[in-house]
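# I would like the atomic coordinates for the input below:
(2 chains)
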Amino acid sequence: MIQSPVGGFGRLVLDAAEETGRFAFLVRSTFGWMASGKIEWRQTLIQMARVGVDSLPVTAMTAFFTGMVIALQTGASSKHFFNEPLFVGTVVAFSLVMELAPVMTAIVVAGRAGAAIAAELGTMKVTEQLDALYTLGTDPIRYLVIPRFIAFMLVLPLLTVASDFTGIFGGYLVAHAKYQIPATVYWHDIVNNMEIRHFVHGFLKTFVFAAVVSLVSCFKGVTTQGGAEGVGKSTTSAVVISMVLVLVLDYFATAVLNAFGIT
Amino acid sequence: MIDAEGVVKRFGPRTILRGIDLRVETGETLVIIGGSGCGKSTFLKCVIGLHHPEDGKIIVDGIEVAKLKTEAEIADYRRRFGYLFQEGALFDSLTVWENVTFGLRYLTDIPPFRYRKIASDCLALVGLKDIEDFKPAELSGGMKKRVALARAIAAQPSYILYDEPTTGLDPIMSDVISDLILDLQKQLKVTAIVVTHDMKSAYKVASRIAMFHEGKVLEVAQPDSIKVSVHPCVRQFVDGKSEGPIKMKLKEFEAEPAANGLKNVW
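Numbers count the residues shown, from 1 in each chain, chains lettered A, B, ... in the order given. Sure, this is the predicted structure:
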């Protein structure tokens, strides 16, 4: 059937509204079940290992090279303007701790663990395993979504802190090897200019990212329709939506934190 | 006893069930037959509460499914049922014994140290042994069905709902599963609803057979009566003929006959 452009746009708006409503329902159910205190701790630990331990090498390597490239760029720019590499440690640490480590860690984890969650839950949906959970007396929100949500909320901040340190260390290696900046100068640049609130700024944002990536991935998984193609679509959209939302919400979270003076 | 009155179920613009009236007496095995998409599995899912009918009601042991509110009420209701899914729906990440005893944690007060023994006992009831630590991926289709059946009976339900238990199995394994259904019926004294296309299995396990067509019940009768039914739709279905009142088209569209067969296409 051929649809008019207005009709097509209307369909799009209706679909988006329906999807948002269903997502809100999932969020409400998730918090409702959590409030009841019935949490599957064994499943949560398994998910923490999958999200955290398994993601650590990738997030650490990403942060390590990000720190290295910031040091390289900062050193080159300040050398160009001031004839010597200045504040390399400060720039590396500020960039990583406040912005790059939280955002890049969230994006890498969305691509790795978020995709895995959407694919796993999507496959469970199309093979009636979610229905089986109902018939066996539990609920997919309780058994599958909440453990993944809690695991993300606990692990993503820790992964981000690990990224902070590995990134700063990566920056130090370049600062030392390329620009001969002594360790004491590099670290003093960081310690003298950074305060705990800068760290808190980046750290708090990770909770927003953790909630978004885990809930979007779970939502896309449990609402999968169709067979293998449906699972593929869910996985792709889970990753794309998570990544875009991380970047969009980063701006708003930063604005809110700045308004509260955590900057 | 399961009593369905005027059950209507829609998915968007499509009406799947158009007023189902059906009673399943305690202790009997009611087999539901009918073409693909006629609402057999949907009805089964309405009975257990996976789908909620738009109209009509389903009453089980005096409890109306739609009126279940609290978590305890829902758990108490689900405890009455074992459900065998079409493809088994075993949890890939769990071992066989963990699959079999999965529901015990949520549906019963049985202490976890007894789970392993219960799993072995249930597996023995469906003719399996020494596979407790296997993962579902390591099992054949027939074994998966049996494990799923063991899971369905683990919490000692009063009702077992079978969704196409013999689909995808070879004829011998289909007959074995039918025997298992009969055997469980005798041993556990459960009430069962079996949804199937497999007429051989239907005749073997049924106390009564209900024929669904386009979301309605066409006929409910004992297997012997169904075999000699004069209803044209039932006749066509049990005889497995493409010609008759039930239109299952060879093609989903009306095509112009090609003058020179496939030559013109190529």
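
# the longest helix along chain A vs chain B: in contact?
Taking DSSP state H as the assignment, the helix of chain A that covers the most residues is helix A:146-179. No - using C-beta under 8 Å from any C-beta of the partner chain, no contact is recorded between helix A:146-179 and chain B, whose separation bottoms out at 12.3 Å. (Each C-beta comes from the backbone N, C-alpha and C, glycine too.)

# buried residues in that helix?
By neighbour count on 16 or more other C-beta atoms under 10 Å in any protein chain shown, the buried set for helix A:146-179 is A:146-152, A:154-157, A:159-168, A:170-172, A:174-176, A:178-179.

# check stretch B:126-135 too.
For stretch B:126-135, a neighbour-count test (16+ other C-beta under 10 Å) marks B:126, B:128, B:131, B:132, B:134, B:135 as buried.

# at the geometric centre of the chain, which residue sits there?
Here I'm looking at chain A. Closest residue to the average C-alpha location of chain A: residue A:106 at 2.1 Å, with C-alpha atoms, centre = their mean.

# try again with chain B
Closest-to-mean residue, chain B, C-alpha atoms, centre = their mean: residue B:163 / 2.0 Å.

# that one touches residue B:42, doesn't it?
No - counting by C-beta atoms under 8 Å, residue B:42 is not a contact partner of residue B:163; they are 10.3 Å apart.

# confirm that residue B:210 sits in a helix.
No - following the definition DSSP: H, G, I helix; E, B strand; the rest coil, residue B:210 is strand and is not counted among the residues of a helix.

# leaving out chain neighbours, which residue sits closest to it?
Across the structure, with C-beta to C-beta, 6 or more residues apart in numbering or on different chains as the measure, the residue nearest residue B:210 apart from its sequence neighbours is residue B:220 (4.4 Å).

# OK, contacts around that neighbour?
B:22, B:208, B:209, B:210, B:211 (C-beta atoms under 8 Å, 6 or more residues apart in numbering or on different chains).

# residue A:90 now?
When contacts are counted by C-beta under 8 Å, 6+ apart, residue A:90 touches A:189, A:190, A:193, A:194.

# kindly provide the distance from the first one to residue B:66.
With distances defined as C-beta to C-beta, to the nearest Å, the gap from residue A:189 to residue B:66 amounts to 67 Å.

# next: the second one.
If you measure residue A:190 against residue B:66 using C-beta to C-beta, the figure is 63 Å.

# if we can go back for a sec, which residues are in contact with the residue nearest to the centre of chain B?
B:41, B:44, B:83, B:84, B:85, B:86, B:195.

# same thing with residue A:104?
Under the contact definition (C-beta under 8 Å, 6+ apart), the residues listed for residue A:104 are A:59, A:62, A:63, A:66, A:163.

# reformat the residues you listed as JSON lines; add distance to residue B:12, pLDDT and secondary structure.
Rendered in JSON lines, the data for the contacts of residue A:104 read as follows (distance: C-beta to C-beta, whole Å; pLDDT from 0 to 100; DSSP: H, G, I helix; E, B strand; the rest coil):
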{"residue": "A:59", "distance to residue B:12": "42", "pLDDT": "96", "secondary structure": "helix"}
{"residue": "A:62", "distance to residue B:12": "43", "pLDDT": "96", "secondary structure": "helix"}
{"residue": "A:63", "distance to residue B:12": "47", "pLDDT": "96", "secondary structure": "helix"}
{"residue": "A:66", "distance to residue B:12": "47", "pLDDT": "96", "secondary structure": "helix"}
{"residue": "A:163", "distance to residue B:12": "45", "pLDDT": "97", "secondary structure": "helix"}
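
# which one (most neighbours) among these?
Tallying neighbours with other C-beta atoms under 10 Å in any protein chain shown puts residue A:163 at the head of the contacts of residue A:104, with 30 neighbours.

# remind me which residues of the stretch 51-200 of chain B are low pLDDT?
Residues of the stretch 51-200 of chain B meeting the criterion pLDDT under 70: none.

# so which bits of it are right by chain A?
Residues of the stretch 51-200 of chain B found near chain A (C-beta under 8 Å from any C-beta) are B:71, B:75, B:78-79, B:81-83, B:85-87, B:89-92, B:102-103, B:105-107, B:151, B:155.

# out of those, which end up buried?
Burial by neighbour count, judged by 16+ other C-beta under 10 Å, picks out B:78-79, B:81-83, B:85-87, B:89-91, B:102-103, B:105-107, B:151, B:155 from these.

# please narrow those residues to those residing in strands.
B:81, B:82, B:83 (DSSP state E).

# may I see those organised as JSON lines, with distance to residue A:205 added?
Converted to JSON lines, those look like this (distance: C-beta to C-beta, whole Å):
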{"residue": "B:81", "distance to residue A:205": "46"}
{"residue": "B:82", "distance to residue A:205": "47"}
{"residue": "B:83", "distance to residue A:205": "44"}
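
# I'd say residue B:95 and residue B:131 touch.
No - checked against C-beta under 8 Å, the pair residue B:95 and residue B:131 is beyond contact range at 9.1 Å.

# could you pull out the strands for the stretch 151-266 of chain B?
Along the stretch 151-266 of chain B, the segments classed as strands by DSSP state E, counting those that start in this stretch run B:159-163, B:191-195, B:208-213, B:216-221.

# tell me which of the ones you listed sits most buried.
Between the strands of the stretch 151-266 of chain B, the one whose residues have the most neighbours on average, counting mean count of other C-beta atoms under 10 Å in any protein chain shown, is strand B:191-195 (a mean of 25).

# so how far is stretch B:191-208 from its chain's centroid?
For stretch B:191-208, the distance from its own C-alpha centre to the chain's C-alpha centre is 9 Å (C-alpha atoms, centre = their mean, to the nearest Å).

# endpoint to endpoint, it covers what distance?
One end of stretch B:191-208 sits 12 Å from the other (C-alpha to C-alpha, to the nearest Å).

# kindly report the same for stretch B:69-84.
Counting by C-alpha to C-alpha: the opening and closing residues of stretch B:69-84 are 25 Å apart.

# hmm, who's touching that stretch?
The contact list for stretch B:69-84, computed with C-beta under 8 Å, 6+ apart, reads A:36, A:132, A:134-137, B:44, B:47-49, B:60-61, B:63, B:65, B:68, B:106-108, B:145, B:148-149, B:151-155, B:157-163, B:165, B:190.

# ok, now stretch A:44-59?
By C-beta under 8 Å, 6+ apart, the residues outside stretch A:44-59 that reach it are A:104-105, A:108-109, A:112-113, A:116, A:146-148, A:150-152, A:154-156, A:158-159, A:162-163.

# one more pass at 10 Å, please.
Where contact means C-beta atoms under 10 Å, 6 or more residues apart in numbering or on different chains, the residues beyond stretch A:44-59 that reach it are A:40, A:101, A:104-109, A:111-114, A:116-117, A:120, A:144, A:146-152, A:154-156, A:158-160, A:162-163, A:166-167, A:210, A:213-214, B:93.

# where is the longest helix in chain B?
helix B:171-188.

# buried residues in that helix, which are they?
B:173, B:174, B:175, B:176, B:177, B:178, B:180, B:181, B:184, B:185.

# go on, stretch A:78-90?
A:78, A:85, A:86, A:87, A:88, A:89, A:90.

# now the end-to-end length of it.
Taking C-alpha to C-alpha, the span from the opening residue of stretch A:78-90 to its closing residue is 12 Å.

# contact partners for residue B:124?
With contacts taken as C-beta under 10 Å, 6+ apart, residue B:124 has the following neighbours: residue B:150.

# repeat the analysis, applying 6 Å as the threshold.
If a contact means C-beta atoms under 6 Å, 6 or more residues apart in numbering or on different chains, then residue B:124 has no contacts.

# picking up where we left off before, neighbour count winner among residue A:189 and residue B:66?
More neighbours surround residue A:189 than the other of residue A:189 and residue B:66, with 20 against 13 (other C-beta under 10 Å).

# pretty sure residue B:115 is in a helix, no?
Yes - counting by three-state DSSP, residue B:115 is located in a helix.
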